[in-house]
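Colleague: Here is the input, now give the coordinates:
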Amino acid sequence: MAATVVSTSVQRRTVATLFTTQSLFSAATIAAFTLTSIVAADLSGHDSWAGVPATVLMLGRAAAAYPIGALMDRAGRRAGFTLGFATAIAGLLLSAFAIDWGSFLFFCAGSVLIGVGRSASEQSRFAASEVFPQSQRARVIGILVFAGTIGSVGGPLLVAPATSLAASVGFPADAGPYLIGTGLMVVALAVVFSLLRPDPKALGALMESQEAALRPAGTVRSTRSLRQILSQETVLVALAAMIIGQLVMTLLMVITPLYMRHHEHSTGAISGVIMAHTLGMFGLSALTGWLIDKLGQAPMIVVGALVLVVSALLAPISTEVPLLATSLFLLGLGWNFTFIAGSSLLSDALESHERGRVQGTSEALVALASGVGSLGTGGVFAVGGMAAVAAVGLAFSLALIGWAFWIGRRQNRVVAGESAD
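Modeller: Residues are numbered from 1 along each chain as shown. From the prediction side, this is the model:
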């Protein structure tokens, strides 16, 4: 195997820089998210609007995905991250002041800006992987996904001291996580601007030139339209796994803090449940990759959907913290299984030159699913409580199981028919 054109030290520094910034971004946004539905309900005066800020955040993320990507292609990855993190800083500050002003409109505007920042942060795993040979990229992506674990632990732990600090300096207590998040984001911006050198875009071009030289002469790449790609059954299953997993996760996750506040749980208890959830989302990513290698992608999608079913069944049956924490941990774990298995299945179904546009489309669809879940959960909760929200999540999870089984049986029949011929 030919030696890589990018030195090991540069690869390690790139991964370390992006891992650090992704951890800081995750901690900042999870700390802020912990109280978002509560703040939204308080500022708007309506429980049914509790999911609106999370919805507009996801819409901001979806809308900015392609512009941020285009900027990264033209000016480099560092420029895109710098702009995204600066926008997130503005969003967190605006959200904090909106709480002080009592303005639901400005709070939602801050959420949009945070979403724009997230659209940049989501590119971290791809920027890190492009400085490595193709055979090592999945492992590197796993490392960057694992960075969310730090945020899942650190973010909720910051909520209680942040609220106390905000109150001590004359701000509303609920603004504290947004102020702390601003500080973390400033550090992330400084790290990425000063240390992400050389730019991963330039390093990725070197890796691509080396890999191109190793391809067999006369290799012809197929050209498929986006419509043709999205009509492929394997692609549809992969997208369904990511979209439904994200939708079910958002439905239950967004409303849980408000549900707990209605039952007079403390901020610390709410933070602990959210911590359990985010640990389920990120903490077992390495295990997920191992299980996918052992069981296959389609079976892991089904397993993930079954875990989501269990989570939805547990969520409304008790208001006690241990059971809620268990339900939310399983919710995160089910999302982890469906999202990573779906992402892997999608990647395998595509040619290398198709991945950018299809991956961008999938990111936008996942963000829109989050937006729909966030917007809808408040209204469903206002009408039927946590049981109604869980019932909707249960229905979508069962639909994913049925869809995956049906496609799997169709493909098995095709393979059996080809073998018989």
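
Colleague: Quick one: find the helix or strand in the protein with the lowest mean pLDDT.
Modeller: helix 200-214 (a mean of 73; mean pLDDT, DSSP states H and E).

Colleague: starting at the chain centroid, how far to the helix or strand following it?
Modeller: Sequence order places helix 226-230 as the next helix or strand after helix 200-214, per DSSP states H and E. From the chain centre to the centre of helix 226-230 is a distance of 24 Å (C-alpha atoms, centre = their mean, to the nearest Å).

Colleague: try stretch 242-253
Modeller: Put simply, stretch 242-253 sits 10 Å off its chain's centre (C-alpha atoms, centre = their mean).

Colleague: Any buried residues in that stretch, and which?
Modeller: 242-253 (16 or more other C-beta atoms under 10 Å). Every residue, glycine included, has its C-beta placed from N, CA and C.

Colleague: Now, these that are in helices?
Modeller: Mapping the buried residues of stretch 242-253 onto helices (DSSP state H) picks out 242-253.

Colleague: Quick check: the two most widely separated of those?
Modeller: Spanning the widest gap among those are 242 and 252, at 16.8 Å by C-beta to C-beta.

Colleague: List of residues touching stretch 339-350?
Modeller: The contact list for stretch 339-350 (C-beta atoms under 8 Å, 6 or more residues apart in numbering) reads 138, 145, 229, 232, 234-235, 237-242, 245-246, 285, 288-289, 292, 297-298, 300-301, 304, 355, 358-359, 362.

Colleague: buried subset of these?
Modeller: Among the contacts of stretch 339-350, those classed as buried by 16+ other C-beta under 10 Å are 138, 145, 229, 234-235, 237-242, 245-246, 285, 288-289, 292, 297-298, 300-301, 304, 358-359, 362.

Colleague: in what helix or strand does residue 395 lie?
Modeller: Residue 395 belongs to helix 355-420 when assigned by DSSP H and E.

Colleague: so what secondary structure elements neighbour that helix?
Modeller: With contacts defined as 3 or more C-beta pairs under 8 Å, 6 or more residues apart in numbering; DSSP states H and E, the packing partners of helix 355-420 are helix 36-44, helix 52-75, helix 226-230, helix 233-262, helix 297-314, helix 321-348.

Colleague: pLDDT on it, on average?
Modeller: What helix 355-420 shows for mean pLDDT is 78.

Colleague: repeat for stretch 158-175
Modeller: Here stretch 158-175 scores 91 as its mean pLDDT.

Colleague: Outside of that stretch itself, list whatever touches it.
Modeller: Applying C-beta under 8 Å, 6+ apart, the external contacts of stretch 158-175 come out as 27, 31, 34-35, 38-39, 42, 95-97, 99-100, 176-177, 179-180, 267-268, 270-271.

Colleague: do stretch 42-57 as well
Modeller: 33, 36-41, 98-99, 102-104, 107-108, 111-112, 114-115, 118, 174, 250, 254-255, 258, 370-379, 381-382.

Colleague: Buried ones from the residues you listed, can you make that a PyMOL selection?
Modeller: The PyMOL selection below is limited to those of the contacts of stretch 42-57 classed as buried (16+ other C-beta under 10 Å):
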select buried, resi 33+36+37+38+39+40+41+98+99+104+107+108+111+112+114+115+118+174+250+254+255+258+370+371+372+373+374+375+376+377+378+379+381+382
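
Colleague: could I have stretch 234-242 exported to PDB, CA atoms only?
Modeller: The C-alpha atoms that make up stretch 234-242 are tabulated as PDB, following Å, rounded to 0.1, in the frame of the first residue of the first chain:
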ATOM      1  CA  THR A 234     -31.900   0.400  -0.400                       C
ATOM      2  CA  VAL A 235     -31.600   4.200  -0.400                       C
ATOM      3  CA  LEU A 236     -35.200   4.500   0.600                       C
ATOM      4  CA  VAL A 237     -34.800   2.200   3.600                       C
ATOM      5  CA  ALA A 238     -31.600   4.000   4.600                       C
ATOM      6  CA  LEU A 239     -33.400   7.400   4.400                       C
ATOM      7  CA  ALA A 240     -36.500   6.000   6.300                       C
ATOM      8  CA  ALA A 241     -34.300   4.800   9.100                       C
ATOM      9  CA  MET A 242     -32.600   8.100   9.600                       C
END
